[in-house]
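# Task: produce atomic coordinates for the following.
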Amino acid sequence: MSDWFTVEKIDDFTYAISEYGHWEKVHSYLLIGTTHALLIDTGLGIGNIKAEIDSLTNLPIKVVTTHAHWDHIGGHNLFNDIYVHEGDSEWLKKGLPVPIEVIRKNVIQEPFSKSAPIEFDINKFNIYPCKSSLLLDNDIIDIGSRKLKVIHTPGHSPGHICVWEEDKGYLYTGDLIYLGTLYAFYPSTDPVQYKNSIIKVSNLNNIKRILPSHNDLNISTDIIEKVKAAFDFIEAKNLLKQGSGLFEFENFNIKI
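Numbering: from 1, shown residues only. Prediction:
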């Protein structure tokens, strides 16, 4: 398949599909059940992620959107069965409230470290509106032999979700938690909600693996408590509000 994507096996029925050649280092995840396969996010839209998925499974695909930012929905137009939390649903329905010229500049903000697919043309790059079904907090998605729980975790976006697979102990964290800079300074973000979402996932029992949407795939589960403590530190200084700036910690930063 395309050299653009790197496929890494999490287990025999779970794959990370990564775009390491781009500065965002985005991860999408394919979870294979017995009746359906679940794709968590569709990446940047630079390469054809559907062709990659088709090489791994012939099951019908459900696409779950962690949140409707451009770097997570780039391949949504290639699929038909798409789900998103109601808080971000308007962005999928009507398009992102950001000019496409701005998104294109973000896409090529830094040089690619891998050659883009031959069909990629930044002047034709677009994020297309699409139809979707709504998700709510605590919804269960059943793909046959695997059940995934929707956890509404707003803060980075109004409809941001994490996906919790309790049987395996896998927490797919989207942009809530990863090694890098965590963002809560955009107009559509909310630092207080972000902190509360960290508390929410910290209460899950028996998390065995965190599977983030960016950067390093190998993250210790204690990162949740570290991020939680970082937000406590910021709040104690009365700085848990937009415009407070960049706070640097050991393996991550928080920008609010």
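# Bridged to T14, which residues?
D11, L31 (DSSP bridges).
# which ones are touching it?
Y29, L30, L31, I32, K168, Y170 (C-beta atoms under 8 Å, 6 or more residues apart in numbering). Heads up, the C-betas are built off the backbone N, CA and C, glycines and all.
# repeat for S115
Contacts of S115 by C-beta under 8 Å, 6+ apart are D3, W4, G21.
# Top of the contacts of T14 by number of neighbours, please.
Greatest neighbour count in the contacts of T14, by other C-beta atoms under 10 Å, goes to L31: 26 neighbours.
# my guess is it meets I53, correct?
No - with contact defined as C-beta atoms under 8 Å, L31 and I53 do not form a contacting pair (11.2 Å).
# Next, show the common contact partners of the two.
Going by C-beta under 8 Å, 6+ apart, residues that sit against L31 and also against I53 are A37, L39.
# quick revisit: quick one: the contacts of S115 as CSV, columns for neighbour count too.
CSV is the format used below for these (neighbours: other C-beta atoms under 10 Å):
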residue, neighbour count
D3, 11
W4, 23
G21, 20
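# Those into JSON lines, with extra columns for distance to H160?
Formatted as JSON lines, these follow (distance: C-beta to C-beta, whole Å):
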{"residue": "D3", "distance to H160": "31"}
{"residue": "W4", "distance to H160": "26"}
{"residue": "G21", "distance to H160": "25"}
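# Report the lowest-confidence entry in these.
Least confident entry in the contacts of S115, by pLDDT: D3, with 92.
# quick one: F249 and I223, what's the gap?
Relative to I223, F249 is positioned 10 Å away (C-beta to C-beta, to the nearest Å).
# out of the two, which sits in the more crowded spot?
Between F249 and I223, counted using other C-beta under 10 Å, the more crowded position is I223 (18 against 14).
# Look up phi and psi at that one.
Dihedral pair for I223: phi -60, psi -30, per degrees, to the nearest 10.
# Nearest spatial neighbour of it, chain-adjacent residues omitted?
Nearest non-adjacent residue to I223, counting by C-beta to C-beta, 6 or more residues apart in numbering: I177, 6.1 Å away.
# I figured the one you found was touching I224, is that so?
Yes - between I177 and I224 there is a contact at 6.4 Å, judged by C-beta under 8 Å.
# More neighbours: these two, which one.
I177 (28 against 22).
# For that one, which residues are in contact?
I198, V201, I210, P212, I219, I223, I224, V227 are the contacts of I177 under C-beta under 8 Å, 6+ apart.
# Distance to I49 for those - can I get that in TSV?
Below are these laid out as TSV (distance: C-beta to C-beta, whole Å):
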residue	distance to I49
I198	29
V201	26
I210	22
P212	18
I219	23
I223	27
I224	28
V227	28
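# Save these as CSV, and put in pLDDT, secondary structure and distance to P117 too.
Converted to CSV, those look like this (pLDDT from 0 to 100; DSSP: H, G, I helix; E, B strand; the rest coil; distance: C-beta to C-beta, whole Å):
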residue, pLDDT, secondary structure, distance to P117
I198, 98, helix, 36
V201, 98, helix, 35
I210, 98, strand, 29
P212, 98, strand, 24
I219, 96, coil, 29
I223, 98, helix, 33
I224, 98, helix, 36
V227, 98, helix, 35
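# So what's the residue count around G87?
By other C-beta under 10 Å, neighbour count at G87 equals 21.
# Please tell me I have it right and it contacts G155.
No - contact criterion C-beta under 8 Å: G87 and G155 do not qualify, at 10.8 Å.
# Dihedrals phi and psi, Q242?
According to degrees, to the nearest 10, Q242 has phi -60, psi 140.
# Sorry, wrong one. I was asking about K228.
The phi/psi pair for K228 (degrees, to the nearest 10) is phi -60, psi -50.
# got the contact list for it?
With C-beta under 8 Å, 6+ apart, K228 has these contacts: K195, I198, I199, S202.
# And it, how far from N203?
10 Å.
# tell me the pLDDT at H36?
98.
# what sits against it?
Here H36 is in contact with L59, P60, I61, K62, I143, G144 (criterion: C-beta under 8 Å, 6+ apart).
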